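**Q** show me how the following folds:
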Amino acid sequence: MSAAEWGSEIGELAQPPKKRIPGWVWGCGAGCLLFTLVAVLALVVAFRFFAKAVDQEAQWEKIQVVLPFDQRPPGVSVFAFPIKLEGTSMWFLNDMSRSMQGVLFHSPPSSDASRTRSELLDPAQEVSLGGFGRIDPQAGEVEVQGRRLPCLRYRQTAGAGDGGFLGGFQSALQGSSLVVDLAPEGSEELLALILTKGGTNQPVSDAELRAFLEPFHIPGGTPAPAPPGAPPETPLEEGR
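**A** So this is what the prediction gives:
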């Protein structure tokens with residue numbers, strides 16, 4: 001072997017070996033990057049969903065289509081459920097001044113919509129778990145805007161607890177609800193409202209339901225006439 005060949009081989013041996021990145025490191029790195037990308041995309045999607053859900057202008061316009069109104073109910077904010085469940089849209093209408101919340105359901109006419117409406121109003125669909133749920137449901141009717149509407153009243157809890165964390169939690173969820181069917185007569189459309197009064201087991205009264213629905217025009221109903229405006233001012237005559 002020549003001196004040149006010896007020198008080349010010795011030079012290669014003197015150089016430190018190149019570091020090889022193990023395959024699991026590449027896999028972990030790619031996996032972490034993928035997880036990060038998925039997490040970021042999920043946050044973006046969630047933010048967009050939430051932004052749409054609380055967009056008052058957009059959601060009131062959608063409600064206007066299914067339950068018309070002349071002016072928005074004063075002091076009522078809306079939050080939309082981000083996705084439709086089995087084709088059903090849901091809006092949460094919060095009236096903080098009266099400690100009441102309405103949940104408006106709508107689904108186009110179909111056999112599924114008709115079945116959901118029947119289940120909402122069926123007192124036999126009693127649900128109770130540890131004192132929570134639909135307690136003591138009572139079916140009946142309520143007159144709103146000239147229509148006799150099927151309804152169902154129930155309590156959300158069995159009553160306030162005896163103290164402690166569980167008692168405080170139960171008291172916080174204490175309330176009474178009223179489900180009312182607003183759909184046109186003979187239609188398979190789902191248009192229903194659950195009106196809940198928090199902090200009490202006193203039933204939601206007919207008057208409270210009428211007041212909550214007063215700004216809206218229920219299908220087939222006759223809204224109350226608007227109050228007359230103030231009479232125009234008459235200018236005073238000179239010298240008087």
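**Q** this structure: helices as residue ranges?
**A** 3-14, 23-53, 56-66, 111-121, 164-172, 206-213 (DSSP state H).
**Q** what pairs with the nearest residue to residue 100 once chain neighbours are set aside across the strands?
**A** Take residue 100 and drop its neighbours on the chain: the residue closest to it by Cβ to Cβ, 6 or more residues apart in numbering is residue 197, 5.4 Å away. Just so you know, the C-beta spots here come from the backbone N, C-alpha and C atoms, and that holds for glycine as well. Counting by DSSP bridges, residue 197 is bridged to residue 100, residue 176.
**Q** now tell me which of the helices of the chain the model trusts least on average.
**A** With a mean of 48, helix 23-53 has the lowest mean pLDDT of the helices of the chain.
**Q** quick check: mean pLDDT across the lengthiest strand in the chain?
**A** Taking DSSP state E as the criterion, the chain has its longest strand at strand 132-144. The average pLDDT for strand 132-144 rounds to 89.
**Q** and it, which residues are buried?
**A** For strand 132-144, a neighbour-count test (16 or more other Cβ atoms under 10 Å) marks 134, 135, 137, 142, 144 as buried.
**Q** I'd say the fourth one and residue 206 touch.
**A** Meaning residue 142. Yes - the pair residue 142 / residue 206 is scored as a contact, 5.1 Å apart, by Cβ atoms under 8 Å.
**Q** the residue nearest to residue 100 - how many residues pack around it?
**A** Using other Cβ atoms under 10 Å, residue 197 has 23 neighbouring residues.
**Q** surely it and residue 211 touch.
**A** No - Residue 197 is not in contact with residue 211 according to Cβ under 8 Å; the separation is 11.8 Å.
**Q** report all helices and strands that the longest strand of the chain contacts.
**A** strand 147-157, strand 175-181, helix 206-213 (3 or more Cβ pairs under 8 Å, 6 or more residues apart in numbering; DSSP states H and E).
**Q** so for residue 70, which of the ones you listed sits nearest?
**A** Nearest of the helices and strands packed on strand 132-144 to residue 70, taken as Cβ to Cβ: helix 206-213 at 13.0 Å.
**Q** okay, the angle between that closest one and strand 147-157?
**A** With axes from the mean of the first three to the mean of the last three Cα atoms, to 10 degrees defining the directions, helix 206-213 sits at 100 degrees from strand 147-157.
**Q** tell me what angle helix 206-213 forms with strand 132-144.
**A** Computed by the same axes, to 10 degrees, the angle separating helix 206-213 from strand 132-144 equals 80 degrees.
**Q** buried ones in helix 206-213?
**A** So for helix 206-213, counting by 16+ other Cβ under 10 Å, buried means 208, 209, 212, 213.
**Q** return the distance of the third one relative to residue 80.
**A** Right, residue 212. 18 Å (Cβ to Cβ, to the nearest Å).
**Q** same question, the first one
**A** According to Cβ to Cβ, residue 208 stands 24 Å off from residue 80.
**Q** kindly report the same for the last one.
**A** Using Cβ to Cβ, one obtains 19 Å as the distance from residue 213 to residue 80.
**Q** then the second one?
**A** Applying Cβ to Cβ, one obtains 22 Å for the distance of residue 209 from residue 80.
**Q** neighbours of residue 113, how many?
**A** Residue 113: 23 neighbours (other Cβ under 10 Å).
**Q** ok, it touching residue 187?
**A** No - if you go by Cβ under 8 Å, residue 113 and residue 187 don't touch, sitting 9.0 Å apart.
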